[in-house]
Every structure is written in structure tokens, then in C-alpha cells.
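**Q** Please work out how this folds:
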Amino acid sequence: MAEENIYKKCRTDCGYTRSEASEKLGFITESRLEKIENEKYHITPEEVVAMQNVYRKPNLCNWYCTHECAIGKETNMPEIKEKTISEIVLEMLATLNKLNSQKNRLIEITSDGKFDDDDELRDFIGIQKQLEKISGTIDSLKLWVDSTVASGEVDIEKFNEYMK
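**A** Down below sits the predicted model:
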């Protein structure tokens, strides 16, 4: 059996019929929505943003950018996977610990502003990969927060107030 279209899955997860979703989305007709969900039409970025907001699925734009958008595919934009807060924190702490042990090596490598040999280049690339891993865990944390807010588990007004 073919995998269900993500846009249809997000809509059905919310319990909306196509008619209800079309009404909430405002500018996407029921007919167009059906064609998007059956992959007969390409979805536009504006439609993805609207669906992300109406369906309360913060990961939808990232999914679009990594799977359908030419720019996201060309630049190898990473897909942010939903994880539990425990998984995110443990992954981040493990990576930070590894980077902490490598900070003196990074200082040695970069102190003269050039790579003196292959070992420096190899070590630097290893450190860069660890930094990219941190960036990914930060993105996962942001997605977790957005999902928690979207689900109503957090008071959105207080959240926005504290974010200021």
C-alpha cells in the first residue's frame, strides 16, 4: 500500500473533512485540496504555510522544504524529526560533552588561521560535524516547543509574553 500523502494525513489527524479544511484554509478550494492530497497538483508554499497553521502541524513547512522544494533539496536542508524532550536533551548534552573535550583542539587548529596539515583539516571537519549536530538538536527543540504550543499544552498568551 502506498504511503498516505502528508497533507491528507495532517488533515485527517485533525479530524477535518476536505470541506471543513477548505473552509478553514479560506483560499484553497475543496477541489484543489483533493488534487493536492492525491498528488495531481503541486502545492504552493503559501498553501503549506496555511495548512501548517490550520492543522497545527509545525513540522509541515520543514517537510515541504526537505521533500518538495527545489531550494531545500538543492541545499540538502535537513528534515527535522519529531523527538521527545528527553531524547533532545540527552542528544544535546552528549554532543556538548564531546565538543567540550575538543575545544582545545579547535583552538590549536584555528589559532594561525589556516590548516597546517591533513590532521588539522580532518579534526576540524569532525568538530564541524558535531556543531551541525548541535544545530539539529536546537531545531528539534524548537519543533518540540512549537508542537507543544500548537497542541494547547502551553498557554499561548503566556508563552508569547515570556518570549518578548
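**Q** In which helix or strand does residue 43 reside?
**A** Assigned by DSSP states H and E, residue 43 falls within no helix or strand.
**Q** for it, what are its contacts?
**A** Going by C-beta atoms under 8 Å, 6 or more residues apart in numbering, residue 43 touches 7, 36, 64, 68. Every C-beta, even on glycine, is put in place using the N, C-alpha and C of the backbone.
**Q** Tell me the buried residues within the residues you listed.
**A** Buried members of the contacts of residue 43, counted by 16 or more other C-beta atoms under 10 Å: 7, 36, 64.
**Q** With distance to residue 164 as added columns, please give the residues you listed in JSON lines.
**A** Converted to JSON lines, those look like this (distance: C-beta to C-beta, whole Å):
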{"residue": "7", "distance to residue 164": "33"}
{"residue": "36", "distance to residue 164": "36"}
{"residue": "64", "distance to residue 164": "29"}
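**Q** per-domain residue ranges of the chain.
**A** By the record's domain assignment, the chain is partitioned as 6-74, 85-163 (automatic domain parsing).
**Q** TSV for the buried ones among the contacts of residue 43, including secondary structure?
**A** Shown next, in TSV, are these (DSSP: H, G, I helix; E, B strand; the rest coil):
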residue	secondary structure
7	helix
36	helix
64	helix
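**Q** would you list those residues in a markdown table and tack on distance to residue 30 and pLDDT?
**A** As requested, these are exported to a markdown table (distance: C-beta to C-beta, whole Å; pLDDT from 0 to 100):
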| residue | distance to residue 30 | pLDDT |
| --- | --- | --- |
| 7 | 13 | 97 |
| 36 | 11 | 96 |
| 64 | 21 | 96 |
